[in-house]
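*Asks:* Structure, please.
(chains A and B)
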Amino acid sequence: MTAIVSVRDLMKRYGDIEAVRGISFDVREGEIFGLLGPNGAGKTTTVEILEGLRRADGGSAVVDGIDVSREPARAKERVGVQLQQSAFPENFTAKETVELFALCYGAQVDAGALLAAVDLADKAGQRQEKLSGGQRQRLSIATALVNRPRVLFLDEPTTGLDPQARRNLWELVRKIRADGTTVFLTTHYMDEAEVLCDRVAVMDHGRIVSMDAPQALIAGLIERGFRKPVIQQQANLEDVFLDLTGHGLRED
Amino acid sequence: MRQTALLTLMYLRAFTRDRTAMFFSLVVPLMLMLIFGSLNLGAFGKVSLALDDQAGNAASQQFVSALEKIDTMVVTRQTSETALARLRRTELDMLLVIPRDFAIAPTRAGQPVPTVTVYGNASRPQQVSVGQAIVNELITRLSYAVNQSAPVVNVEQKDVAGVRLRYVDFLVPGILGVNVMQLAIFSVAFALVVDKRRGVLRRIMATPLRPATFLASQVVTRLVLAALQVLVLIGVAIFLFDVRPVGGILPLLLVSLLGAVLFLTIGFALAGWAETENQVPAIAQLITLPQFFFSGVFFSKDAAPDLIRPITDVLPLTFLNDALREISVQGASMWDVRMQIVGLLVWTVVGFLLAVRFFRFDRF
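*Replies:* Purely as a prediction, here's the structure:
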């Protein structure tokens, strides 16, 4: 498989802090790739360099054959982004928000169809600021798809969502990948990475400490003699929660 | 271009849904104009004159009815005691006491003439001097009539057409200027600081949209709003207050938009500098409040103390108000107010440099 994102010796510092200390990795075309790590590990900085929002201090980042630091504008045309803690202009409806971003790419879109794809068809005429957290994340993904991106970057897409909304978003991410878009996401939820990602890179203190398929990483840990000190349960509290409240998506 | 135009339309459509913004950009300016326009503040107005007719004879009646016919005077009859009290409270401009021995008759040599006493409100010297001149003129005319003589010199009075300065005529250009300033600085600073803090600008900058295109759409959106605001205010001034913009509406609009561009640059600089929207009002007030009072909005800029006149004379709003007022009141052309326009352009360059310095897309 070919690499659609290729990062070599990437470095970024803010004053005295070395946020990213020379990382290298490849993302294969068509996979769901997870960048994991605790807060402050350098995930968001890495993603923002790949999205063309920040300039790297060293190394290179190539997305779909384009060097992001040399041609950020061209690179931006090839990717879709969902930023952590971002918002949309106020007093725009969901449909107008999608149209606004299509205009930013100079793209023609069927906003209604895009909203339907993220399960927001019935919210098209509603002001985006009145949407629930999960709905706004889905709208955010719709705006990230207006330019038919080769790679979709999702920065902590499920932070702050309830279990139903998280599962709904996972389904959406799988559907987008099935349509041929490579997905690059960051998360600090390990269950999310385990069920969603084909491969993950674990980042800590600005370095990548391990990278492989989730099952391979787990197998490796067990091979090294690790045993969970708890008795295997057939279910956990989240299963109980979902059993009690159902999988149906909530309105908030 | 097309992208800018479409973005502008989208933002204008969103703006029409924003009740608060609509209120501040249209209702508040209209309220300001209606309140100050009807207050007739600072106008010369009329001379309010109290009469204490102690004579109450035919001669005094003749004198009083002559006074009452004069448009500039508002004549009321009051006793000296009440009138003096009201004078001290500055509710009156003048008190005229007609003595018991008042008469209009030919005088013989050596005979004393009646003395009319005039009390004037010292805090309204203009009104008092006009009132006094009217009283003197009236007495002179009565004297001529009685003495069967004529003045040695005749004065023919002619009005200069076009200059008809009521307070509201003075006020309207000031209201236009101050609202252009408020709209440009506050709307852009608030909206963009909120968008910056909430991450809206970052999200937009993650698209290939050129920052210049985005900024242009923001500027054009505000210019359209400013133009609408100016036209509504001029419309109200014309139809409600019978103001005649002598120099024409188009030059007023163009100069207003020039002022809007200037204040927009300051708004962008402020939006770039401020971290949160809470910092905006403080700095915006610091910038706008001195101009509110010293740039000739509600009263003449000459009211500023001499010490700070060199500063107040070159404030951005002073240039804008002077230009608008000369066009509106004196019928000046844009060429006539070129010095003010140059002043506005110089400030625009200063504001633009500040905006470039503080409004940095790579930091959002």
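
*Asks:* Just the pLDDT at B:Pro99, thanks.
*Replies:* Looking at B:Pro99, its pLDDT reads 88.

*Asks:* Which single residue of the stretch 1-150 of chain B ends up nearest chain A?
*Replies:* Residue of the stretch 1-150 of chain B nearest chain A, by CB to the nearest CB: B:Ala14 (3.8 Å). To be clear about C-beta, it is placed using only N, CA and C from the backbone, and glycine gets the same treatment.

*Asks:* again with the stretch 51-200 of chain B
*Replies:* For the stretch 51-200 of chain B, CB to the nearest CB, closest residue to chain A: B:Gly199, 3.6 Å.

*Asks:* Neighbours of that residue, how many?
*Replies:* For B:Gly199, the count of nearby residues is 17 (other CB atoms under 10 Å in any protein chain shown).

*Asks:* how about the residues of chain A that lie near chain B?
*Replies:* A:51-53, A:55, A:73-74, A:76-77, A:81, A:83, A:85-92, A:96, A:99-101, A:103-106, A:127, A:147 (CB under 8 Å from any CB of the partner chain).

*Asks:* List the contacts of residue 101.
*Replies:* Just so you know, I chose chain A. Contacts for A:Phe101 (CB atoms under 8 Å, 6 or more residues apart in numbering or on different chains) come out as A:Thr143, A:Val146, B:Thr207.

*Asks:* That was the other one, I meant chain B.
*Replies:* Shown in contact with B:Asp101 (CB under 8 Å, 6+ apart): B:Ala55, B:Pro114.

*Asks:* Looks to me like it is in a helix.
*Replies:* No. Checked against DSSP: H, G, I helix; E, B strand; the rest coil, B:Asp101 lies outside a helix; its state is coil.

*Asks:* where's it relative to B:Glu81, distance?
*Replies:* B:Asp101 is 20 Å from B:Glu81, where distance means CB to CB, to the nearest Å.

*Asks:* mind listing which of the contacts of A:Phe101 are in helices?
*Replies:* Of the contacts of A:Phe101, the ones assigned to helices by DSSP state H are A:Thr143.

*Asks:* CSV please, covering the contacts of A:Phe101 and showing pLDDT, distance to B:Ala332 and neighbour count.
*Replies:* Shown next, in CSV, are those (pLDDT from 0 to 100; distance: CB to CB, whole Å; neighbours: other CB atoms under 10 Å in any protein chain shown):
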residue, pLDDT, distance to B:Ala332, neighbour count
A:Thr143, 95, 50, 30
A:Val146, 95, 51, 22
B:Thr207, 93, 46, 27
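
*Asks:* any idea which of the contacts of A:Phe101 is closest to A:Phe25?
*Replies:* Proximity of those to A:Phe25 (CB to CB) peaks at B:Thr207, which lies at 25.3 Å.

*Asks:* so A:Phe226 is in which element?
*Replies:* Secondary structure from DSSP states H and E places A:Phe226 outside every helix and strand.

*Asks:* Distance of it relative to chain B?
*Replies:* The gap separating A:Phe226 from chain B is 40 Å, by CB to the nearest CB, to the nearest Å.

*Asks:* does the residue of the stretch 151-252 of chain A found nearest chain B sit in a helix or strand, and which one?
*Replies:* Closest residue of the stretch 151-252 of chain A to chain B, CB to the nearest CB: A:Phe153 (8.8 Å). Assigned by DSSP H and E, A:Phe153 belongs to strand A:151-155.

*Asks:* For the helix or strand following that strand, what is the distance to the chain centroid?
*Replies:* As assigned by DSSP H and E, the chain's next helix or strand after strand A:151-155 is helix A:163-178. Computed by CA atoms, centre = their mean, to the nearest Å, the chain-centroid distance of helix A:163-178 equals 11 Å.

*Asks:* related to what we said a few turns ago, please indicate which of the residues of chain A next to chain B are buried?
*Replies:* By neighbour count, with 16 or more other CB atoms under 10 Å in any protein chain shown, the residues of chain A next to chain B hold A:51-53, A:74, A:76-77, A:81, A:83, A:86-92, A:96, A:99-101, A:103-105, A:127, A:147 as buried.

*Asks:* Take the residues you listed and keep only those in helices.
*Replies:* Members of these lying in helices (criterion: DSSP H): A:Arg74, A:Lys76, A:Glu77, A:Glu96, A:Glu99, A:Leu100, A:Phe101, A:Leu103, A:Cys104.

*Asks:* Which residue lies nearest the spatial centre of chain A?
*Replies:* Against the mean C-alpha coordinate of chain A, by CA atoms, centre = their mean, the closest residue is A:Leu154 at 2.0 Å.

*Asks:* The residue nearest to A:Leu152 when sequence neighbours are not counted: neighbour count?
*Replies:* Residue nearest to A:Leu152 in three dimensions, not counting chain neighbours: A:Gly80, with 4.5 Å by CB to CB, 6 or more residues apart in numbering or on different chains. Neighbours of A:Gly80 under the rule other CB under 10 Å: 28.

*Asks:* residues contacting A:Gly80?
*Replies:* A:Ile141, A:Ala144, A:Leu145, A:Val146, A:Asn147, A:Pro149, A:Val151, A:Leu152, A:Phe153, A:Thr181.

*Asks:* Show the buried residues in the residues you listed.
*Replies:* Buried subset of the contacts of A:Gly80 (neighbour count, 16+ other CB under 10 Å): A:Ile141, A:Ala144, A:Leu145, A:Val146, A:Asn147, A:Pro149, A:Val151, A:Leu152, A:Phe153, A:Thr181.

*Asks:* possible to save the contacts of A:Phe101 as CSV with distance to B:Thr20?
*Replies:* Listed next are the contacts of A:Phe101 as CSV, based on distance: CB to CB, whole Å:
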residue, distance to B:Thr20
A:Thr143, 25
A:Val146, 30
B:Thr207, 28
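
*Asks:* ok, which stretches of chain B are strands?
*Replies:* Here chain B has its strands, by DSSP state E, at B:47-53, B:73-77, B:94-98, B:117-120.

*Asks:* neighbouring contacts of the shortest one?
*Replies:* Identification of contacts with strand B:117-120 by CB under 8 Å, 6+ apart yields B:83-84, B:87, B:93-97, B:99, B:128, B:131-132, B:135.

*Asks:* of the residues you listed, buried ones?
*Replies:* Applying 16+ other CB under 10 Å to these flags B:Ala83, B:Leu84, B:Leu87, B:Asp93, B:Met94, B:Leu95, B:Leu96, B:Val97, B:Val128, B:Gly131, B:Val135 as buried.

*Asks:* which of those residues are close to chain A?
*Replies:* Answer for the buried ones among the contacts of strand B:117-120 near chain A: none qualify (CB under 8 Å from any CB).

*Asks:* any weak-confidence spans in the stretch 1-150 of chain B?
*Replies:* Counting by pLDDT under 70, the stretch 1-150 of chain B contains low-confidence ranges at B:40-45, B:107.

*Asks:* do you know how far A:Ser42 is from chain B?
*Replies:* In this structure residue A:42 is Gly, not Ser. For A:Gly42, the distance to chain B - CB to the nearest CB - is 18 Å.

*Asks:* any chance you could read off phi and psi for that residue?
*Replies:* Here is the backbone geometry of A:Gly42 (degrees, to the nearest 10): phi 110, psi 10.

*Asks:* what number of residues lie near it?
*Replies:* Around A:Gly42 there are 23 other residues, counting by other CB under 10 Å.

*Asks:* How many neighbouring residues does A:Thr97 have?
*Replies:* 26.

*Asks:* mind listing what it touches?
*Replies:* A:Thr97 neighbours (CB under 8 Å, 6+ apart): A:Phe88, A:Pro89, A:Gln128, A:Leu139, A:Thr143.
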